[in-house]
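Enquirer: curious how this folds, go ahead:
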Amino acid sequence: MKVRRLIDSLNYAFEGIIYALKTQRNMKIHFIVAILVLVASLFFDLTRIEILILFLTISMVIVAEMINTSIESTIDLITDKYHIFAKIAKNVAAGAVLIAAINSIIVAYLLFFHRINPYTIQVLHHVRQSPLHITFIALIVVIFTVIAIKAYFGRGTPLQGGMPSGHAAVAFSLATAITFISENMFIATLSALMALLVSQSRVETKIHNFFEVLVGGILGILITIIFFQIFS
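Expert: Residues are numbered from 1 along each chain as shown. Prediction:
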């Protein structure tokens with residue numbers, strides 16, 4: 001009987017994880033990033049302490065997101081009307097997730113940056129190109145490509161909505177160009193963060209969904225890299 005209760009408890013726990021993964025956009029992002037980081041960690045000589053810190057950090061982000069989901073669901077169950085305390089509860093829970101996410105970025109930086117930096121500099125030297133006007137040509141090509149794809153899918157306008165996100169494409173194109181030109185990982189990281197913020201704002205304001213932003217970002221990066229490789 002006790003074994004049965006234990007199995008039921010595990011089932012309920014997994015159902016909770018699956019529910020959060022199915023219904024929460026941020027949880028999907030957390031899982032994808034966690035998988036990528038864990039796979040990437042296999043290529044680096046992390047110590048046991050570093051692996052432990054990595055697991056604790058990933059767990060903390062996922063747990064915070066699940067608690068946030070639980071609080072939101074509970075409040076939505078109690079009331080569907082605006083209430084200042086309901087707003088405070090949701091904001092505080094979301095703030096906890098944000099702190100956990102920021103902490104994960106800092107941990108990732110401390111664990112991986114000094115290991116990635118030498119290889120990245122070598123790659124950047126290899127594909128670096130000199131004439132800066134290539135950046136603007138690549139940017140124009142990105143914009144034209146985005147407009148052409150939007151026209152093909154027939155949704156949104158050239159500047160708003162539809163597949164793919166033009167803002168994400170341009171933002172990641174510029175971030176990629178800045179990375180190649182500066183050959184500085186710190187500047188590259190800052191430019192990537194700016195591109196991510198631009199992309200996040202497009203999803204947050206519901207102008208684009210996550211997939212449209214993802215496609216836009218990949219498009220901007222790929223076109224810019226191709227230009228830098230061809231003209232390097």
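Enquirer: other SSEs contacting the lowest-mean-pLDDT helix or strand in the chain?
Expert: Sorted by mean pLDDT, DSSP states H and E, the helices and strands of the chain end with helix 133-153, the least confident at a mean of 75. The helices and strands touching helix 133-153, judged by 3 or more CB pairs under 8 Å, 6 or more residues apart in numbering; DSSP states H and E, are helix 166-182, helix 210-230. All C-beta spots, glycine's among them, are computed from the backbone N, C-alpha and C.
Enquirer: most packed of those helices?
Expert: Of all those, helix 166-182 carries the top mean neighbour count, a mean of 24, counting by mean count of other CB atoms under 10 Å.
Enquirer: just checking, what packs against it?
Expert: helix 84-127, helix 133-153, helix 185-204, helix 210-230.
Enquirer: circling back to that earlier point, out of the helices and strands packed on helix 133-153, which is closest to A101?
Expert: Closest to A101 of those, according to CB to CB: helix 210-230, at 15.8 Å.
Enquirer: avg pLDDT for the closest one?
Expert: What helix 210-230 shows for mean pLDDT is 85.
Enquirer: point out where this structure drops to low pLDDT.
Expert: Within the chain, the segments meeting pLDDT under 70 span 1-4, 119-134, 151, 154-160, 231-232.
Enquirer: how about K206, secondary structure?
Expert: What DSSP: H, G, I helix; E, B strand; the rest coil gives for K206 is coil.
Enquirer: if you could redo that for M163, that was the one I meant.
Expert: What three-state DSSP gives for M163 is coil.
Enquirer: what's around it, how many residues?
Expert: M163 sits with 18 neighbouring residues when counted by other CB atoms under 10 Å.
Enquirer: and the gap between the nearest residue to it once chain neighbours are set aside and F172?
Expert: Closest residue in space to M163, ignoring its immediate chain neighbours: F153 at 4.6 Å, by CB to CB, 6 or more residues apart in numbering. With distances taken as CB to CB, to the nearest Å, F153 is found 19 Å from F172.
Enquirer: do Q200 as well
Expert: Q200 sits 12 Å away from F172, going by CB to CB.
Enquirer: and if you look at V63?
Expert: According to CB to CB, V63 stands 30 Å off from F172.
Enquirer: what do you get for S201?
Expert: 14 Å.
Enquirer: contacting residues around V170?
Expert: V170 is in contact with 139, 142-143, 146, 220, counting by CB atoms under 8 Å, 6 or more residues apart in numbering.
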